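> Provide a 3D model corresponding to the input given below.
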Amino acid sequence: MKSNELLKSDYHEYYGPYIEVLGTNSLNELLIKQLDNFPQFIESIADEKLHYAYTEGKWTIAEVLLHIIDAERVFQYRALRFARNDTTKLPGFDQDAYVETSMANTWSKEDIIKAYRAVRQSTISLFLSFNESQLKRKGIASNSPMSVGALGFICCGHQKHHRNVIRAKYLNT
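The predicted structure follows:
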């Protein structure tokens, strides 16, 4: 599946920027490509910057990175439920509460990379198991329809969005 095959009804408009940032690439290609290039990006961050926030009240880089991992776990879970025709409406999640209790600032780069690789390998395995029909299945999450395929692209686009934010707001100071 390619991102331009998604319909606007496959996801809430809030997620549009995450999907649009990806171009028209194949979902499986994106998932696999990011498995290597995102850890390289994390490795390139200076150790002294890992626990840096660019202003009061903003997350540190470590917190942003762990947020990416946590969100991918949530999106993965939603995709599994919807692909299996579970019609239970799923609630949203409070990303700020997750970050606040994550203890991300005690994590090393190596720990973050290890966790990211484990989660992304699991995401790849899950999405490679879906056929076209399953990728088009929809469920309700955060009071909005969402397709399985859109959730896969959101994993990729959410990561890319935050990588761009880290580059622009955290590393250019």
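> Let me see the ranges of the helices in this structure.
16-20, 27-44, 61-83, 95-101, 109-128, 132-136, 148-165 (DSSP state H).
> Surely Asn28 is in contact with Phe127?
Yes - under the criterion of C-beta atoms under 8 Å, Asn28 makes contact with Phe127 at 6.6 Å. Glycine gets a C-beta too; all of them are placed from N, C-alpha and C.
> one step back: can you tell which of the helices of the chain is closest to His51?
helix 61-83 (5.7 Å; C-beta to C-beta).
> taking the mean pLDDT, what do you get for that closest one?
In this model, helix 61-83 has a mean pLDDT of 98.
> Need the nearest residue in space to Arg73, chain neighbours excluded.
In space, Arg73 comes closest to Val119 once its chain neighbours are excluded; the distance is 6.0 Å by C-beta to C-beta, 6 or more residues apart in numbering.
> show me the contacts for the one you found.
If you count contacts by C-beta atoms under 8 Å, 6 or more residues apart in numbering, Val119 has them with Ile69, Glu72, Arg73, Gln76.
> Tabulate the helices of the chain (a markdown table), appending distance to Lys89.
Listed next are the helices of the chain as a markdown table, based on distance: least, C-beta to C-beta, whole Å:
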| stretch | distance to Lys89 |
| --- | --- |
| helix 16-20 | 21 |
| helix 27-44 | 24 |
| helix 61-83 | 10 |
| helix 95-101 | 19 |
| helix 109-128 | 21 |
| helix 132-136 | 19 |
| helix 148-165 | 15 |
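> any idea which of those helices is most buried?
Each of the helices of the chain was scored by mean neighbour count; the highest is helix 148-165, a mean of 23, by mean count of other C-beta atoms under 10 Å.
> tell me the mean pLDDT for it?
97.
> chain center to it, what's the gap?
5 Å (C-alpha atoms, centre = their mean, to the nearest Å).
> center of this structure - which residue?
The centroid of the chain falls nearest to Cys155 when counting by C-alpha atoms, centre = their mean (3.2 Å).
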